[in-house]
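Chemist: Sequence and predicted structure, then a few things I'm wondering about:
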Amino acid sequence: MVCDAAGSGCPPEIGEEDVSLRRALEDLLKCMLRVWCKEGQALTTLGVPPPESDKRVIVKREPGGEFGFRIHGSKPVVVSVIEPDMPAESSGLEVGDIIISVNGRSVMDAVHSEVVRLAHSGTDILELEVVRTCNILAPQVPRSGSKDGPAEAPLCSGYLWRRSTTSTSSTSDKWVRRWFALRRDNCLYCYKTDADSQPVGAVMLLKYAVTPTPDVRPHSFVITKPGAPTLHLGADAEEAASRWATVIKEAVEKNNQGDTWLNASLRLQQMPPCTIQRPDCFGYLSKQQGAHTREFGSSWSRRYCVLKDAVLYFYDDANAERAFGIACVRGFSVHWGASGSAEGRKHAFELQPPDSTQKSHIFATESEMDKKRWIAALEYSIDRWIKIG
């Protein structure tokens, strides 16, 4: 599927008084990208070998299936999300790629909706010509090693083989190599490679069981819990498999004794927003407060918000010493529009809970681009807690 989304990287909030400057800088960057792409096209036409950053990728989906990536922006569009275990992931497409043609048709001057329609025009094969910006516009930050502080260093990390969720039988098993990190919040994070700064999935190790499965694959084990997806993992050696099984069991025991994740969230609530490492998104949001009626209108409060692992931390401003509240939105769904009580509020969106006994959260941003940025980050932050196993 190709849908409207912003990238996972979130630029800092500049401030209400500098919105025009921010938009001007965004327009300038977009113009520079267009010039860069068109220069590459001109050189190719003249017979000059394309640089390594220019790629041609083929994404082939099953009939009626999904391609597995999302795009953002217009003139040009940029790949913002690659879904794990989907055709786009194995095609070589990367987050940050600028799409300059689809099936031979130039889309450099096409708006977002045109590219979406072209991608969904009926064909199950997309031939994409892209310009690669990875490590040029947004250098990746390593998660482990000397650049991690003591509190952020993982308890255990390394490559493991993970059984693909698309496998339907033992004869069609597919195992993919992924980087895993067990962190001090007793959650197991899965990354595409050891160079990525954002995980593609995570598991809160609460009430799970770890069982060796040598009959499935040498040096493999399975992590199971009733009602949750089963996670099949495998190491390259028995020693590594034993070490991983041991540390995962210890994390499960710690979580079973107390809600370690909740304790960690409450600790972060007592600290300034800058102490939250690698947030999924941050910036100012307007939040609808309390009960509302059409007669008296809605009450809105502007708050500085930080999103991390499907938890929103609310601050009075970016320099606050602690958060005055948190909201766990795991399992919530993100809706582009808001309920009737938010009518007339531009750039509003809503977080709806999976249970009717919980309350919805309605937010509004200063611009449509900022709305896309927050919605994409929320979807990403919520989804990765659902789709790992």
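Modeler: Here it is on my side, so go on.
Chemist: Backbone torsions only: list them for residue 200.
Modeler: phi -100, psi 0 (degrees, to the nearest 10).
Chemist: That one and residue 234, how far apart?
Modeler: 18 Å (Cβ to Cβ, to the nearest Å). Bear in mind the C-beta positions are built from the backbone N, C-alpha and C, glycine included.
Chemist: Tell me the secondary structure at residue 116.
Modeler: What DSSP: H, G, I helix; E, B strand; the rest coil gives for residue 116 is helix.
Chemist: now do residue 349
Modeler: Under three-state DSSP, residue 349 falls in the strand class.
Chemist: okay but residue 303 is in contact with residue 312, surely?
Modeler: No - the pair formed by residue 303 and residue 312 falls short of the contact definition of Cβ atoms under 8 Å, at 9.4 Å.
Chemist: Among these two, which residue is more densely surrounded?
Modeler: Neighbour totals were compared for residue 303 and residue 312, and residue 312 leads with 24 against 20 (other Cβ atoms under 10 Å).
Chemist: what element comes up after the helix or strand that contains the more buried one heading to the C-terminus?
Modeler: Using DSSP states H and E, residue 312 maps to strand 311-315. Counting by DSSP H and E, the next helix or strand C-terminal to strand 311-315 is strand 325-328.
Chemist: What strands flank that following strand, and is each parallel or antiparallel?
Modeler: Here strand 325-328 has these sheet partners by DSSP bridges: strand 311-315 (antiparallel).
Chemist: If you average the pLDDT over the partner strand, what comes out?
Modeler: Regarding strand 311-315, the rounded mean pLDDT is 93.
Chemist: Export only the CA atoms of it, formatted as PDB.
Modeler: Only the C-alpha atoms of strand 311-315 are listed here, as PDB (Å, rounded to 0.1, in the frame of the first residue of the first chain):
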ATOM      1  CA  VAL A 311       3.300   7.300  25.000                       C
ATOM      2  CA  LEU A 312       2.700  11.000  24.800                       C
ATOM      3  CA  TYR A 313       4.300  13.300  27.400                       C
ATOM      4  CA  PHE A 314       2.700  16.700  28.000                       C
ATOM      5  CA  TYR A 315       4.700  19.800  29.100                       C
END
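Chemist: how far is that strand from where the chain is centred?
Modeler: Relative to its parent chain, strand 311-315 has a centroid offset of 18 Å by Cα atoms, centre = their mean, to the nearest Å.
Chemist: tell me which residues in it are buried?
Modeler: Using 16 or more other Cβ atoms under 10 Å as the test for burial, strand 311-315 gives 311-315.
Chemist: Contacts for that strand, please.
Modeler: Strand 311-315 is contacted from outside by 265, 268-269, 273, 276, 287, 303-307, 322-330, 361, using Cβ atoms under 8 Å, 6 or more residues apart in numbering.
Chemist: so what's residue 237 up against?
Modeler: Counted by Cβ under 8 Å, 6+ apart, residue 237 has contacts residue 219.
Chemist: from here on, count from 19
Modeler: Yep, numbering from 19; the last one is residue 255 now.
Chemist: Next, residue 282: secondary structure please.
Modeler: Look at residue 282: counting by three-state DSSP, its state is helix.
Chemist: residues near it, how many?
Modeler: Other residues near residue 282 come to 17 when the count uses other Cβ under 10 Å.
Chemist: try residue 200
Modeler: Per other Cβ under 10 Å, the neighbour tally for residue 200 reads 21.
Chemist: cool, and residue 400?
Modeler: Residue 400 sits with 21 neighbouring residues when counted by other Cβ under 10 Å.
Chemist: and it, that one's in a strand?
Modeler: No - going by three-state DSSP, the assignment for residue 400 is helix, not a strand.
Chemist: And it, how far from residue 322?
Modeler: Look at residue 400 and residue 322: by Cβ to Cβ, they are 21 Å apart.
Chemist: Repeat that for residue 106.
Modeler: Residue 106 is 34 Å from residue 322, by Cβ to Cβ.
Chemist: ok, these two, which is more surrounded?
Modeler: When residue 106 and residue 322 are compared for neighbours, residue 106 comes out ahead with 26 against 19, by other Cβ under 10 Å.
Chemist: Test my guess that that one contacts residue 100.
Modeler: Yes - judged on Cβ under 8 Å, residue 106 makes contact with residue 100 at a distance of 5.4 Å.
Chemist: okay, and the common contacts of the two?
Modeler: 86-87.
Chemist: which residues does the residue lying closest to residue 110 once chain neighbours are set aside bridge with?
Modeler: Using Cβ to Cβ, 6 or more residues apart in numbering and skipping residues adjacent in sequence, the residue nearest residue 110 is residue 75, 4.9 Å away. Beta-bridge partners recorded for residue 75 (DSSP bridges): residue 146.
Chemist: and residue 391, that's in a helix?
Modeler: Yes - counting by three-state DSSP, residue 391 falls inside a helix.
Chemist: And the pLDDT for it?
Modeler: So, for residue 391, pLDDT stands at 87.
Chemist: I figured it was touching residue 299, is that so?
Modeler: Yes - between residue 391 and residue 299 a contact is recorded at 6.8 Å, counting by Cβ under 8 Å.
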